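**Student:** Got a predicted model here, sequence first, then my questions.
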Amino acid sequence: MAVSTVSGFSGPPTASQTFGTLRLSDNGRLQRRWRIEAPSPVPQDEQRPLGSDTNPLKPVERCIARVTGFDEYATKAIRTANEAGEDVLSLSWAGCESVMSLMRRIEDLVCIPLMYWRLACGVEVLDPAALTITHPQFLKGPIVDLVLVPLSALDLLVDSQQPMGTSLASGSDKTVGSVEEARSESVQQTRRLSSLRRSFS
């Protein structure tokens with residue numbers, strides 16, 4: 001499916017086109033379904049006093065995703081989308097929401113089709129199918145810092161995360177260490193999920 005943009009460009013970008021030229025035209029934006037909605041609030045009849053013995057609910061904690069740009073082009077796209085002209089977009093996210101739903105809301109704000117960019121958190125490019133309720137980055141706390149990375153800059157992101165001068169011998173040691181870290185992270189994630197399930201039951 002080809003996407004027409006402000007510059008009249010349609011289809012995948014070429015080397016001469018910058019990330020900023022991919023912004024949808026006004027007609028394209030009007031045709032898109034508006035998806036920017038805050039998570040539904042807890043109904044008044046379900047909000048019980050905190051001191052009540054029958055209160056299974058915890059206070060509603062507002063979860064925020066702060067999105068910044070990886071390079072100057074992504075930063076400019078965010079600044080253009082932000083009403084205050086800031087370099088950060090703030091979006092609320094729900095406890096059980098997919099990364100793809102966050103990406104679609106960001107797409108509606110920056111008006112650049114998500115086929116041209118991805119979200120990263122720390123050293124990881126996020127899988128659009130991942131859920132906020134199970135992903136370790138979203139389990140760390142109510143505020144998550146995300147980075148909007150143009151597809152053309154993904155290699156730069158990966159290269160910026162690799163240490164310089166890594167030898168093959170040290171690479172095998174790092175593999176063993178990374179497997180142990182992954183197991184440890186998996187155990188911690190299972191514990192967090194168990195505590196989340198207990199809090200919802």
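**Tutor:** Perfect, I can see it now.
**Student:** What's the separation between Ala65 and Gly95?
**Tutor:** Here the criterion is C-beta to C-beta, to the nearest Å. By it, Ala65 lies 13 Å from Gly95. Bear in mind the C-beta positions are built from the backbone N, C-alpha and C, glycine included.
**Student:** With neighbour numbers in mind, choose between the two.
**Tutor:** With neighbours defined as other C-beta atoms under 10 Å, Ala65 and Gly95 compare such that Ala65 has more, 23 against 14.
**Student:** Following element in sequence after the host helix or strand of the more buried one, please.
**Tutor:** Following DSSP states H and E, one finds Ala65 within strand 64-69. Next in sequence after strand 64-69, counting helices and strands by DSSP H and E, comes helix 72-81.
**Student:** mean confidence for that next one?
**Tutor:** For helix 72-81, the mean pLDDT works out to 90.
**Student:** name the helices or strands packed onto the longest strand belonging to the chain?
**Tutor:** Counting by DSSP state E, the longest strand found in the chain is strand 143-150. Strand 143-150 is packed against strand 64-69, helix 72-81, helix 99-110, strand 117-121, with contacts defined by 3 or more C-beta pairs under 8 Å, 6 or more residues apart in numbering; DSSP states H and E.
**Student:** Please identify the deepest-packed of these.
**Tutor:** Highest mean neighbour count among the helices and strands packed on strand 143-150 (mean count of other C-beta atoms under 10 Å): strand 117-121, with a mean of 22.
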